[in-house]
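> Turn this into a structure:
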Amino acid sequence: MPKEHIITKDDRRLQQERGGPVPAVRIGWQRGCAVQIDTVYLDGGEWANQQPEGQFVNLDRQAINQLIQVLRRARDQAYGKDE
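The predicted structure follows:
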């Protein structure tokens, strides 16, 4: 199952400066299955030690589209629209 991790620039910088785990969002998927999202603490440059932090959320296509819309609205209201 492919997986991607999302981590803020500030958390990545802190991890490089101080070491230790930092919070991240992990997204995993597989063809024909629901997409899973959870939170983890990533420890190390290669993110070898992933300690589960929260619960998994399974998203179908409709829920993913809704999440994308909400994230775009939140981004635009928090940081302004992309040009």
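> host element of residue 37?
If you go by DSSP states H and E, residue 37 is part of strand 35-43.
> actually residue 27, sorry about that
Counting by DSSP H and E, residue 27 is found in strand 22-28.
> Show me what that strand packs onto, helices and strands only.
Packed against strand 22-28 by the contact rule (3 or more CB pairs under 8 Å, 6 or more residues apart in numbering; DSSP states H and E) you find strand 3-6, helix 9-18, strand 35-43. For glycine as for every other residue, the C-beta is placed from the backbone atoms N, C-alpha and C.
> State the mean pLDDT of the longest helix anywhere in the chain.
Ranked by number of residues, the top helix in the chain under DSSP state H is helix 61-79. For helix 61-79, the mean pLDDT works out to 96.
> pull the helix or strand with minimum mean pLDDT from this protein.
Least confident helix or strand of the chain, by mean pLDDT, DSSP states H and E, is strand 49-52 with a mean of 58.
> The most centrally placed residue in the chain - nearest residue in space that isn't next to it in sequence?
Closest to where the C-alpha atoms of the chain average out (CA atoms, centre = their mean) is residue 25, at 2.5 Å. Distances taken as CB to CB, 6 or more residues apart in numbering place residue 6 nearest to residue 25, at 4.4 Å, with adjacent residues excluded.
> Now do the contacts for the one you found.
Contacts for residue 6 (CB atoms under 8 Å, 6 or more residues apart in numbering) come out as 24, 25, 26, 27.
> Run through the bridge partners of the second one.
On DSSP bridges, the residues paired with residue 25 through beta bridges are residue 6, residue 39.
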